[in-house]
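[1] 3D model of this:
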Amino acid sequence: MGELFKELVEAKAKFGITTVQPNRAIKKCKIRNLRIDYFLGNAAVILSVPKACRNCSKQGRCADDFVAQIVKKYKERHKEFEDGFF
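    A predicted model of the protein is given here:
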């Protein structure tokens, strides 16, 4: 994934893979856990959309929720660092 986005991603961006849950407000989604690749930078979060979400009309709503989960998990795991994410 790094090769695909190397021109868009800042040097200090953090790459990771984590498990997220679809937006809890969307009751019709039967998927509960998705593994997602991401880059977390000071200016943006870049996600690779899971295959299960690619044809879903609610993709944008879940993407916002994915970003919130990723930032929260990152902050919990790296309390000693002050990266300034959100």
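
[2] identify the spatial nearest neighbour of residue 17, chain neighbours not counted.
    Distances taken as C-beta to C-beta, 6 or more residues apart in numbering put residue 37 closest to residue 17, at 5.3 Å, once the chain neighbours are dropped. Bear in mind the C-beta positions are built from the backbone N, C-alpha and C, glycine included.

[3] same thing with residue 69?
    Closest to residue 69 by C-beta to C-beta, 6+ apart is residue 20, at 4.8 Å.

[4] and for residue 63?
    Spatial nearest neighbour of residue 63, excluding adjacent residues (C-beta to C-beta, 6+ apart): residue 47 at 6.3 Å.

[5] so how many other residues sit close to that neighbour?
    Neighbour count for residue 47, taken as other C-beta atoms under 10 Å: 18.

[6] that one: what's it in contact with?
    Going by C-beta atoms under 8 Å, 6 or more residues apart in numbering, residue 47 touches 36-38, 63, 66-67, 70.

[7] look up how far residue 39 lies from it.
    8 Å (C-beta to C-beta, to the nearest Å).

[8] do the same with residue 61
    Going from residue 61 to residue 39 by C-beta to C-beta gives 21 Å.

[9] would you mind telling me which of these two has more residues around it?
    Taking other C-beta under 10 Å, residue 61 and residue 39 do not tie; residue 39 has more neighbours (21 against 14).

[10] am I right that the more buried one is in a helix?
    No: assessed with DSSP: H, G, I helix; E, B strand; the rest coil, residue 39 is strand; it does not lie in a helix.

[11] buried residues, the lengthiest helix in the chain. List them.
    For the chain, the helix that runs over the most residues, judged by DSSP state H, is helix 59-77. Going by neighbour count (16 or more other C-beta atoms under 10 Å), the buried part of helix 59-77 is 62-63, 65-67, 69-70, 74.

[12] do the same with stretch 41-51
    Under 16+ other C-beta under 10 Å, the buried positions of stretch 41-51 are 41, 45-47, 50.

[13] need the helix or strand of the protein with the lowest average pLDDT.
    helix 2-5 (a mean of 57; mean pLDDT, DSSP states H and E).
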